[in-house]
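Q: Sequence and computational prediction follow.
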Amino acid sequence: MQTLESLNFPDTSELVSIIMPVHNGEKFIREAVESVFSQSYTNWHLIIVNDMSTDRTQYILEEFTSSSFKNRIEIIENKENLGVALSRNRAISQASGDWIAFLDADDVWHPNKLREQLQLARLNSSLVVFSPYYVMNEEGVVNGIVQNKPIVELKDMLHFNPIGNLTGMYKSSILGKFLQKKIKHEDYIMWLEVIKKAVRAHSTPNPLAFYRKTHRSVSASKTKAIGWQWNIYREVFQYDFFSSLFSLMIYAGHNLTKVKSLKHSLHYKCYCTKGLVEI
């Protein structure tokens, strides 16, 4: 029986299109893009959508377009501030890869992210793959982990989204492209539509991404996310009041317990260079 460890390197003919929106991302975008440059699987195309940044983001992007990776990076400049969903949609529309993956400008991938996920896809004939992920602070120190089930199906997505957007990847050459709706928690709705068509998603056992928890994301999650989730239940899923309340309770309970503490608090680069640290 083949295992992920024994499987040969994935088919390098499969191109991965990576979607990255950015708005005023000067503080972290260099780390995000360099984590793509560091991938052990090298057949990728990075599409960055600059959503009317007013800081030094544009100058940093210009540095990348003059680097040795310049032929594998495409920069799209929005003429107005479109927001994250419509910015991602511009990149998705331009994507020509066999797979579509997502990385925000303040998050980071493990160097083996694409390689291990494509190996898993080949092993299971998967059309959708994702991973557990680490949680880090603004300084890049990892202090938590979000784990998940090895297989996710539609029934697992009726109350909350178990697929971390920074880890998810789907085979667009077979499933087609999925655009995101201009609604908060836009990635939840998109992955729900993906799973409806693909039936299931497979997760790697190893965490392969690093989600950066910033002051802005903390305040948003504490004060607004419950309202956003309620709107999804009522307006998108069209649940009745009591079904929505039941789902919201499950969602709140999941959010309170999903991040598990680690025994070690190390900078994310330690996890990338020294392998995965015991949790």
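A: Cool, the structure landed.
Q: residue ranges of the helices in this protein, please?
A: Assigned by DSSP state H, the helices in the chain fall at 29-37, 57-65, 84-94, 113-124, 172-175, 186-198, 215-223, 225-231, 241-257, 268-273.
Q: Residues contacting the first one, please?
A: To tie it back to what came earlier, the one meant is helix 29-37. The contact list for helix 29-37 (C-beta atoms under 8 Å, 6 or more residues apart in numbering) reads 18, 20, 22, 25, 44, 46, 48, 57, 60-61, 64, 69, 73, 103-111, 140. Using the backbone N, CA and C atoms, a C-beta is placed for each residue, glycine as well.
Q: Now a PyMOL select for only the buried ones of those residues.
A: For the buried members of those, the matching PyMOL selection, counting by 16 or more other C-beta atoms under 10 Å, is:
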select buried, resi 18+20+22+25+44+46+48+57+60+61+64+69+73+103+104+105+106+107+108+109+110+111+140
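Q: Tell me which residues touch the residue nearest in space to the middle of the chain, please.
A: A centroid search over the chain (C-alpha atoms, centre = their mean) returns residue 166, at 1.3 Å, as the residue closest to the centre. Residue 166 is in contact with 102-104, 107, 109, 133, 209, 211, counting by C-beta under 8 Å, 6+ apart.
Q: Give me the distance between the residue nearest to residue 199 when sequence neighbours are not counted and residue 251.
A: Nearest residue to residue 199 in three dimensions, chain neighbours excluded: residue 153, at 6.8 Å (C-beta to C-beta, 6 or more residues apart in numbering). Distance, residue 153 to residue 251, using C-beta to C-beta, to the nearest Å: 18 Å.
Q: So those two - more neighbours on which side?
A: Using other C-beta atoms under 10 Å as the criterion, residue 153 and residue 251 rank with residue 251 on top: 19 against 12.
Q: wait, isn't the more buried one in contact with residue 230?
A: No - at 9.1 Å, residue 251 does not count as touching residue 230 under the criterion of C-beta atoms under 8 Å.
Q: Just give the number of residues close to the residue nearest to residue 156 when sequence neighbours are not counted.
A: Spatial nearest neighbour of residue 156, excluding adjacent residues (C-beta to C-beta, 6+ apart): residue 162 at 5.7 Å. As a burial measure, residue 162 scores 20 neighbours (other C-beta under 10 Å).
Q: same check, this time on residue 126
A: Here the count is done by other C-beta under 10 Å, and residue 126 has 21 residues near it.
Q: go on, residue 38?
A: So residue 38, with other C-beta under 10 Å, has 14 neighbours.
Q: Quick check on it: phi, psi?
A: phi -90, psi 0 (degrees, to the nearest 10).
Q: That one: what's it in contact with?
A: Contacts for residue 38 were tallied using C-beta under 8 Å, 6+ apart; they are 109, 111, 272.
Q: The helices of the chain: lowest mean pLDDT?
A: Across those, helix 215-223 has the smallest mean pLDDT, namely a mean of 62.
Q: before we move on, the earlier item: bridging residues for the residue nearest to residue 199?
A: Counting by DSSP bridges, residue 153 is bridged to residue 200.
Q: Would you confirm that it contacts residue 196?
A: No - applying C-beta under 8 Å as the test, residue 153 and residue 196 come out as separate, 10.1 Å apart.
Q: rewinding a little: let me have the helices of the chain in a markdown table, adding distance to residue 147 as columns.
A: Output for the helices of the chain, formatted as a markdown table (distance: least, C-beta to C-beta, whole Å):
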| stretch | distance to residue 147 |
| --- | --- |
| helix 29-37 | 21 |
| helix 57-65 | 33 |
| helix 84-94 | 25 |
| helix 113-124 | 16 |
| helix 172-175 | 25 |
| helix 186-198 | 17 |
| helix 215-223 | 19 |
| helix 225-231 | 20 |
| helix 241-257 | 11 |
| helix 268-273 | 15 |
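Q: Pick the most deeply packed of those helices.
A: Per residue and on average, the most neighbours among the helices of the chain fall to helix 113-124, with a mean of 22 (mean count of other C-beta atoms under 10 Å).
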